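# Would you be able to build a 3D model of this:
(one chain, ligands or ions: 1)
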Amino acid sequence: MRIPLIVGNWKMNTTVTEATRLVHEMLDRLDKIEGVEKVLCPPFISLVAIQELLKDSSVKLGTQNMHSEAKGAFTGEVSPLMLVGICEFVILGHSERRQYFGETDEIVNKKILAALRNGLKPILCVGEKLDENEAGKTEEIIARQINQGLSNVAPTPDMVIAYEPIWAIGTGKAANGEQAAATIKFIRNTLSKLWNENAAQDLRILYGGSVTGSNIGEFISQPEIDGALVGGASLKAEDFVSIVEQTAAIKRV
Ligand code: PEP
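Take a look at the predicted model:
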């Protein structure tokens, strides 16, 4: 049984004051929703304040990135050791990190290995660009991102994969549920070849890209889709709570 998972990626939004206000706006309602794992990924600077707010709740904390090294001369970076005990999940290989910060599959792979070594649960983001999609290269791109991103990673249910077609992120143009489910099925097949069938069945695969309270039902009603990585809509308390509530209701059936 894969427990549904909804992750809010706040990206580079919210001051510490705004972040704590946003948590106050949604925490009581989120906390009461059962049957879904709920994760908030605020900016690094708000992690400790939010950890305190979430400490007696069922809502978990994640981060949006980290460095692969434990410590050293890497000005401005945050190491896995600094995150242990503060958060449980770490988003890695987000397309914005790949596009604006030059993260390659090799870098992402090092980060995944480091996260798992330190007991953090990586959420590996994969997805194709619009031109790659139009050229029929979606599967080729995703197979590469998975095979290289998970190189030397032993099978573990602590990994999460998020399929995020780049043309759907922050654009308001979500994929449709059937398209997303077909690609997620391909991801699970790729994993069963890389790992094995049981390990692939145990791993949660999310959809991400312009998910809102109005379209979550389309994705979450697909048995292949175990949850969502939500960007813009996770900054709106009503929308995010509604996404989690609908997920709980649909997956419970
Ligand atoms: C994301 O940040 O991973 C994302 C999917 O963003 P949005 O929901 O805004 O498209």
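# how many neighbours does whichever residue of the chain sits closest to the ligand have?
The chain approaches the ligand most closely through G231 (2.1 Å), counting by CB to the nearest ligand atom. Placement of C-beta: from N, CA and C, glycine included. By other CB atoms under 10 Å, 23 other residues sit near G231.
# how near is it to L92?
16 Å (CB to CB, to the nearest Å).
# ok, now T183?
Distance from T183 to L92, by CB to CB: 19 Å.
# For these two, indicate the residue with more neighbours.
Neighbour totals were compared for T183 and L92, and L92 leads with 28 against 22 (other CB under 10 Å).
# Ramachandran coordinates for A19?
Backbone geometry at A19, expressed as degrees, to the nearest 10, gives phi -70, psi -40.
# quick one: contacts for the residue lying closest to it once chain neighbours are set aside?
With sequence-adjacent residues excluded and distances taken as CB to CB, 6 or more residues apart in numbering, A19 is closest to S46, at 3.9 Å. By CB atoms under 8 Å, 6 or more residues apart in numbering, the residues touching S46 are 14, 16, 19-20.
# which one of the residues you listed has the most neighbours?
The most neighbours, when the contacts of S46 are compared by other CB under 10 Å, belong to A19, which has 22 neighbours.
# ok so, going back, tell me which of the contacts of S46 fall in helices.
Counting by DSSP state H, those place 16, 19-20 in helices.
# For these, give me TSV that also has distance to T156 and pLDDT.
Putting the ones in helices among the contacts of S46 into TSV (distance: CB to CB, whole Å; pLDDT from 0 to 100) gives the following:
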residue	distance to T156	pLDDT
V16	33	98
A19	30	98
T20	33	98
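# What lies in contact with the helix or strand containing I91?
Assessed by DSSP states H and E, I91 sits inside strand 89-92. Under the contact criterion CB under 8 Å, 6+ apart, strand 89-92 has outside partners 7, 9, 39, 41, 60-66, 80, 83, 108, 111-112, 115, 120-125, 160, 162, 229.
# Same list, the contacts of S46, but as CSV with distance to K193 please.
Converted to CSV, the contacts of S46 look like this (distance: CB to CB, whole Å):
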residue, distance to K193
T14, 40
V16, 44
A19, 41
T20, 44
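# give me the number of residues near M12?
7.
# circling back to that earlier point, and the contacts of strand 89-92 near the ligand, which?
9, 229 (CB under 6 Å from any ligand atom).
# one step back: of the ones in helices among the contacts of S46, which is the nearest to V253?
V253 lies nearest to A19 out of those, by CB to CB, at 33.9 Å.
# Please list all residues in contact with the closest one.
Contacts for A19 (CB under 8 Å, 6+ apart) come out as 10, 42-43, 46, 49-50.
# how about 10 Å then?
10, 13, 40, 42-43, 45-47, 49-50, 53, 235 (CB atoms under 10 Å, 6 or more residues apart in numbering).
# And L81, by the same measure?
66, 69-71, 114, 118.
# at 6 Å instead, please
A70 (CB atoms under 6 Å, 6 or more residues apart in numbering).
# Which of the three states applies to it?
When classified by DSSP: H, G, I helix; E, B strand; the rest coil, L81 comes out as helix.
# how far away is it from I91?
From L81 over to I91 (counting by CB to CB), the distance is 18 Å.
# Also L83?
12 Å.
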